[in-house]
Structure formats: C-alpha cells, structure tokens
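S.K.: need a 3D model of the sequence below.
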Amino acid sequence: WDKWEDPFRLTMDAYWKYQGEKERKFYAIIDAHAQNNGHLNITDARYLSALKIFLQAISPAEYAAHKGFARVGREFAGAGTQVACQMQALDELRHAQTQIHALSNYNKYYSGFHAFAETRDRIWYTSVARSFFDDAMSAGPFEFLIAIGFSFEYVLTNLLFVPFMSGAAYNGDMATVTFGFSAQSDEARHMTLGLECIKFMLEQDPDNLPIVQKWIDKWFWR
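M.R.: Reported below is the predicted structural model:
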C-alpha cells in the first residue's frame, strides 16, 4: 500500500479550505438567482424537463457514488487510498446536496421536482443510471474504482457536465451553471484518482493486466 500515490498531495486541512471557498461562491450565486426570480429568465420551458431528468437520474447517482466510496474506503488497508476515497465520498455527497439546493428554487414554482427520489425507483428511464450504480456497488472494491473512478468519471462526466452546463448558460439558468462548474473541478480530481487506481493495480502484479483490461472494457461500454 505504500506504493499508492495521491497525485494531488491534498491534506484534509487544504481540502476543507478549498471546498469551503467553492461553497461560499456557489450559495451566493443561487441566493442571487432566487432573489432575482431567475426562474423567469429561462428561454425555453422545455428546458425544465431536462432539469427534472437530471435531478431524477444524476443526483441519486451522485449519492450512490458517495455511499460506494465510503464503503470501499473502509475496505482498503492503505491510508492513502482511504483518504482519497473519503474525499471523493464527501465530494459526491456535496454534489448531490448542491444539485438539490440549486434546483429547489424551481420546486417553488413548477411541478415535477418534488419526488425525484421516488421517481428514481419507479420510472423506466432512470433504470439505466440506477442499474449502473447498483452493479458497480455490488462488484468488488477494485472493480468499483474502475467502474466509477474511470468509466463513470471520464466518460459520463465529460459528456454530461460540460455540455449540460453550456446548455444551462444558454437558457439563462445560472444556478445550474454554478453547481455544474463547482462539481466539475472535483470531477477532475476524481478522474485522476481513477487513473492512479489503474496504475496502482497494474504495477502490483503483471497478472492483473487481463483482469483490469476486462474491467475497463466492461465498464466503458456499460
């Protein structure tokens, strides 16, 4: 386990300071959005449907990732990995919370935002995101890190967060833009953790190569 390296060399003290600064900026913007009736600045009412789907499928996935990393962090023996998983678990919990807070203003004015947690379990189109995380969390801890730290973070984060926030800005939704870019800086760190995990496993034993390759193929296409 002493071969594990944290690419960011991040201490908990620096982590709290870094995240606290992002929180202050985030809540200042969503407060301003709410006080200035930002929901009336949306350019197309159909955009609200996209927000509902995001809240139903992605925010519960963030929460599932938080549970998964808290769990695997307890299963690894190495302190470096435990701290990395602890930070990512906190990040994912924060993402779920900030997304809910950012979209809670729309819940005051429009229907369909209130029961997103129940919707996740009952509507067919959310089964895709739900089954991905159910399968990842029931895999082993090392496979979980590849499923989430590599496949989910690299593929979905880049495909979802960056263009989604561009769409939010186009629609005048600054609250969503803010939670997206606040999360994206965390996601960059998560992607690096995923790569470090792959590098770590490959360096431990050459026999790990076909196992890791199989996991990468499986979860990339999954």
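S.K.: going by C-alpha atoms from here, please, whenever you check contacts or count neighbours.
M.R.: OK.
S.K.: burial check on residue 159, number of neighbours?
M.R.: 11 (other CA atoms under 10 Å).
S.K.: buried residues in the helix or strand hosting it, which are they?
M.R.: Assigned by DSSP states H and E, residue 159 belongs to helix 158-170. Neighbour counts over helix 158-170 (16 or more other CA atoms under 10 Å) mark 161-162, 164-165, 168-169 as buried.
S.K.: got it, and stretch 100-116?
M.R.: 100-103, 105-106, 113-114, 116.
S.K.: equivalent analysis for stretch 118-130, please.
M.R.: 119-120, 126, 130.
S.K.: in stretch 189-205, what counts as buried?
M.R.: 189-198, 201-202.
S.K.: so which of those sit within strands?
M.R.: Assigned to strands by DSSP state E, none of the buried residues of stretch 189-205 qualify.
S.K.: just the closest of those to residue 58, please.
M.R.: residue 190 (16.3 Å; CA to CA).
S.K.: wouldn't residue 47 be in contact with residue 173 here?
M.R.: No - Residue 47 is beyond contact range of residue 173, at 9.5 Å (criterion: CA atoms under 8 Å).
S.K.: who has more neighbours, the two?
M.R.: Using other CA under 10 Å, the more surrounded residue of residue 47 and residue 173 is residue 173, with 24 against 14.
S.K.: what is the lowest-mean-pLDDT helix or strand in the chain packed up against?
M.R.: Counting by mean pLDDT, DSSP states H and E, the chain has its least confident helix or strand at helix 158-170, which shows a mean of 84. Contact partners of helix 158-170 among helices and strands, from 3 or more CA pairs under 8 Å, 6 or more residues apart in numbering; DSSP states H and E: helix 174-204.
S.K.: if we can go back for a sec, got a list of contacts for the helix holding residue 159?
M.R.: 43, 174, 176-177, 180-181, 184 (CA atoms under 8 Å, 6 or more residues apart in numbering).
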